[in-house]
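Undergrad: give me a model of this one.
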Amino acid sequence: MKKAVKTSIEENDRDLFRQAVADARPLPDHDKLLRIPEPPPPYPVQSHLDEHAALGESLNAEWSAQDWLDAGDEPNFLRPGISRQALRKLRSGAWVVQDQLDLHGLDRHQARAALSDFLASCVKRGVRCVRVIHGKGLGSKNREPVLKVKVKQWLAQREEVLAYCQARPVDGGSGALLVLLAA
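TA: From the prediction side, this is the model:
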């Protein structure tokens, strides 16, 4: 008995629907494709939180005897007011390298412009740790490392550079610098 009632309701619904759409016509075909926008790239929230925490720790940490022993003779720079802990963490690989610039094959003028553009782009994108590959100077005139010296000077002049140190051997060794940038 319930099925008969259900069927009659369904028939009434169908009739009402047919009446409601009786004068409807299909939309014209415009041969247009529906463009689905690409989703934005993922935002590495945890990486940024870890880096922020590492920077906070390094800004407040004291310079220990072990830090002095770890310092070595490789080139490094630390902006005044920044803890030596930041440099030690940069040297040890605690910061994730988020981008890099390779200056191989560029003369000093091209390299300076490329470095300036690269650092501005990194700051704009919120990148905190980068690798700058300057090379060892083996292809230079008299096999002297021109860019190696210049890059260190240029980085020390930039306000957004908090610290830099020679890269670990796995990251380029004496042919590259790891640079910590301000947020």
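
Undergrad: next secondary structure after the helix or strand of the chain with the lowest mean pLDDT?
TA: Scoring the helices and strands of the chain by mean pLDDT, DSSP states H and E places helix 65-71 at the bottom, with a mean of 46. With elements assigned by DSSP states H and E, the helix or strand that comes after helix 65-71 is strand 76-78.

Undergrad: export the following helix or strand past that next one to CSV, keeping only CA atoms.
TA: Once the chain leaves strand 76-78, the next helix or strand it forms, by DSSP H and E, is helix 84-92. The C-alpha coordinates for helix 84-92 follow below in CSV (Å, rounded to 0.1, in the frame of the first residue of the first chain):
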residue,chain,number,x,y,z
ARG,A,84,77.2,33.3,17.1
GLN,A,85,74.8,30.4,17.5
ALA,A,86,73.2,31.4,14.2
LEU,A,87,76.5,31.1,12.4
ARG,A,88,77.2,27.7,14.0
LYS,A,89,73.8,26.4,13.0
LEU,A,90,74.2,27.7,9.5
ARG,A,91,77.6,26.0,9.3
SER,A,92,76.3,22.7,10.7
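
Undergrad: output the contacting helices and strands for the helix or strand following helix 84-92.
TA: Heading C-terminal from helix 84-92, the first helix or strand you meet, by DSSP H and E, is strand 99-102. Judged by 3 or more Cβ pairs under 8 Å, 6 or more residues apart in numbering; DSSP states H and E, strand 99-102 is in contact with helix 108-125, strand 129-133. Heads up, the C-betas are built off the backbone N, CA and C, glycines and all.

Undergrad: for strand 99-102, give the mean pLDDT please.
TA: Mean pLDDT, computed over strand 99-102, is 93.

Undergrad: got the contact list for that strand?
TA: Under the criterion Cβ atoms under 8 Å, 6 or more residues apart in numbering, residues Ala114, Leu115, Phe118, Cys122, Val127, Val130, Arg131, Val132, Ile133 lie in contact with strand 99-102.

Undergrad: list the contacts for the fourth one?
TA: This points to Cys122. Cys122 touches Gln98, Asp99, Val130, Leu181, counting by Cβ under 8 Å, 6+ apart.

Undergrad: export those residues to JSON lines and tack on neighbour count and distance to His48?
TA: Listed next are those as JSON lines, based on neighbours: other Cβ atoms under 10 Å; distance: Cβ to Cβ, whole Å:
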{"residue": "Gln98", "neighbour count": "18", "distance to His48": "10"}
{"residue": "Asp99", "neighbour count": "16", "distance to His48": "14"}
{"residue": "Val130", "neighbour count": "22", "distance to His48": "15"}
{"residue": "Leu181", "neighbour count": "21", "distance to His48": "13"}
